[in-house]
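[1] sequence and computational prediction follow.
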Amino acid sequence: MQVERLFRALDSDLFSNRNFMPQLAFPTILYLLAATALWAGNAVVGRLLVGSVSPITLSAVRWGLAAFILLPLGWRVFRPTSALWHNKKRFLILGLLGVGSYNALLYLALQTSTAINVTLIGASMPIWMLFIGAVFYETKPGLLQLAGAIVSLVGVTIVLTRGELLSLLTMEMVAGDLFIMLATILWAFYSWMLSRPGSSTEKQWPWAEFLLAQVIIGFLWTMLFEGVEVVGGYAFIELNSWTISMIIFIAIGPSLISYRFWGLGVAGAGPTVAAFFANLIPLFTALLSGFILGDPPQLFHALAFALIVLGILVSSRKK
């Protein structure tokens with residue numbers, strides 16, 4: 001109960017801050033760092049499960065389990081008197097963009113594309129965030145934001161090329177690259193929608209109910225995609241202790257915890273600044289992969305981290 005009261009208090013404080021370029025509070029930074037670290041773990045696990053679980057099946061099982069875990073805390077959101085039914089169109093879109101599409105496309109991308117291509121294309125998030133904000137939300141980017149986007153992108157590129165920038169010249173586009181590009185654009189729209197509740201009263205909802213509404217609707221979208229995979233004969237899953245443990249991890253960490261923290265982080269920092277933190281995902285992925293493979297961090301990791309953080313600091317400064 002104390003944890004839930006703390007989340008509600010944070011919701012009230014963070015949602016009340018609507019400045020486009022707010023000062024970053026320490027809890028907001030922690031939320032965004034935790035979310036990106038967990039999503040880095042999701043990318044690593046998703047790659048490890050290639051060949052053991054088909055991509056759409058993995059996404060469906062993940063979100064089905066996440067919904068089951070969250071249901072005891074948020075089931076009230078589906079009562080007939082719930083405000084969800086007055087905002088059903090909005091949540092149909094949120095569920096499609098944030099849960100249904102992004103993760104299915106990510107797992108599809110990992111089937112055919114290399115890790116360097118997927119994470120590099122995903123690192124274009126701040127650029128798409130600025131573009132969508134300018135076109136659809138009448139929020140023009142400033143020079144500091146553009147400069148921060150470039151600096152952070154350079155840092156990400158250093159990580160992905162392991163300090164050898166000339167390797168970019170030999171990269172080739174495959175189907176997976178297109179999947180992750182589409183996923184990145186959809187996630188940018190999702191983040192902007194989170195920061196613009198409009199006439200919805202969701203900022204007053206208990207956190208579990210707000211998240212469960214997205215998870216359940218996203219799971220339903222995923223099951224539609226799963227039907228296509230099943231009909232096409234591409235669905236499969238190898239159940240053993242290893243795959244089950246990996247699925248449990250992505251259902252709790254990168255699903256429930258990270259989405260909760262990302263929502264709090266976006267509310268506190270704004271969608272554009274939060275997108276710069278997403279550039280930390282490739283760095284965390286490199287470090288996590290290095291730990292699993294026994295490859296210690298190198299000097300270029302420190303340089304990349306410094307550039308990514310510098311980009312965040314530059315972009316988050318007020319005009």
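    Good, I have the coordinates.
[2] please make it C-alpha for all contacts and neighbour counts, starting now.
    Noted.
[3] helices and strands of this structure: which one bottoms out on pLDDT?
    Least confident helix or strand, the chain: helix 2-15 with a mean of 38, by mean pLDDT, DSSP states H and E.
[4] list the buried residues in whichever helix or strand comes after that one.
    Downstream of helix 2-15, the first helix or strand assigned by DSSP states H and E is helix 26-48. Across helix 26-48, burial judged by 16 or more other C-alpha atoms under 10 Å covers 28-29, 31-47.
[5] what about the residue nearest to Gly41 when sequence neighbours are not counted, how many residues nearby?
    Nearest non-adjacent residue to Gly41, counting by C-alpha to C-alpha, 6 or more residues apart in numbering: Thr285, 6.7 Å away. By other C-alpha atoms under 10 Å, the residues close to Thr285 number 24.
[6] show me what contacts Thr285?
    Contacts for Thr285 (C-alpha atoms under 8 Å, 6 or more residues apart in numbering) come out as 37, 40-41, 43-44.
[7] same thing with Pro27?
    Not one residue lies near Pro27 by C-alpha under 8 Å, 6+ apart.
[8] buried stuff in the lengthiest helix in the chain?
    Assignment by DSSP state H gives helix 207-231 as the longest helix of the chain. Within helix 207-231, the residues scored as buried using 16+ other C-alpha under 10 Å are 207-223, 225-226, 229.
[9] where do the helices sit along the stretch 51-200 of the chain?
    Applying DSSP state H, counting those that start in this stretch to the stretch 51-200 of the chain gives helices spanning 55-74, 88-94, 102-112, 115-122, 125-136, 143-160, 175-195.
[10] how about those helices in TSV, adding mean pLDDT?
    TSV is the format used below for the helices of the stretch 51-200 of the chain (pLDDT from 0 to 100):
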stretch	mean pLDDT
helix 55-74	94
helix 88-94	90
helix 102-112	88
helix 115-122	69
helix 125-136	82
helix 143-160	75
helix 175-195	86
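[11] skipping its backbone neighbours, what lies nearest Pro91 in space?
    Quick fix: residue 91 reads Phe, not Pro. Leaving aside its sequence neighbours, Phe91 sits nearest to Gln214 (C-alpha to C-alpha, 6+ apart; 6.4 Å).
[12] am I right that the one you found is in contact with Lys89?
    No. Using C-alpha atoms under 8 Å, Gln214 is not in contact with Lys89; the gap is 11.7 Å.
[13] quick one on the thing from earlier: which one of the contacts of Thr285 is nearest Ile121?
    Taking C-alpha to C-alpha as the measure, Ile121 sits nearest to Ala43 out of these, at 13.6 Å.
[14] what's the spacing between the closest one and Leu194?
    Per C-alpha to C-alpha, to the nearest Å, Ala43 is found 23 Å from Leu194.
[15] also Gly142?
    Gly142 sits 21 Å away from Leu194, taking C-alpha to C-alpha as the criterion.
[16] these two: which is more packed in?
    Leu194 (20 against 13).
[17] most centrally placed residue in the protein?
    By C-alpha atoms, centre = their mean, the chain has its centre lying nearest to Trp39, at 6.5 Å.
[18] what distance separates the start and the end of stretch 77-96?
    18 Å.
[19] go through that stretch and flag the buried ones.
    Neighbour-count burial for stretch 77-96 flags 77, 84, 90-96 (criterion: 16+ other C-alpha under 10 Å).
[20] list the contacts of that stretch.
    Applying C-alpha under 8 Å, 6+ apart, the contact partners of stretch 77-96 are 76, 190, 193, 200-202, 209-210, 212-219, 221.
[21] contacts only, for Phe291.
    Applying C-alpha under 8 Å, 6+ apart, no residues contact Phe291.
[22] actually Phe284, sorry about that
    By C-alpha under 8 Å, 6+ apart, the contact set of Phe284 is 36-37, 40.
[23] what of Gly263?
    Contacts of Gly263 (C-alpha under 8 Å, 6+ apart): Leu194.
[24] residues contacting the nearest residue to Asn103 once chain neighbours are set aside?
    Closest residue to Asn103 apart from its sequence neighbours, by C-alpha to C-alpha, 6+ apart: Ser59 at 6.4 Å. By C-alpha under 8 Å, 6+ apart, the contact set of Ser59 is 103-104, 107, 222.
[25] on that earlier part again, retrieve the pLDDT associated with the residue nearest to Gly41.
    As predicted, Thr285 sits at a pLDDT of 80.
[26] and the stretch of helix or strand it belongs to, how far out from the chain's middle?
    Thr285 is part of helix 280-293, with elements assigned from DSSP H and E. Relative to the centre of its chain, helix 280-293 is centred 16 Å away, using C-alpha atoms, centre = their mean, to the nearest Å.
[27] now the helix or strand following that helix: buried residues?
    Next in sequence after helix 280-293, counting helices and strands by DSSP H and E, comes helix 299-315. For helix 299-315, the neighbour count (16+ other C-alpha under 10 Å) marks 300-301, 304-305, 307-315 as buried.
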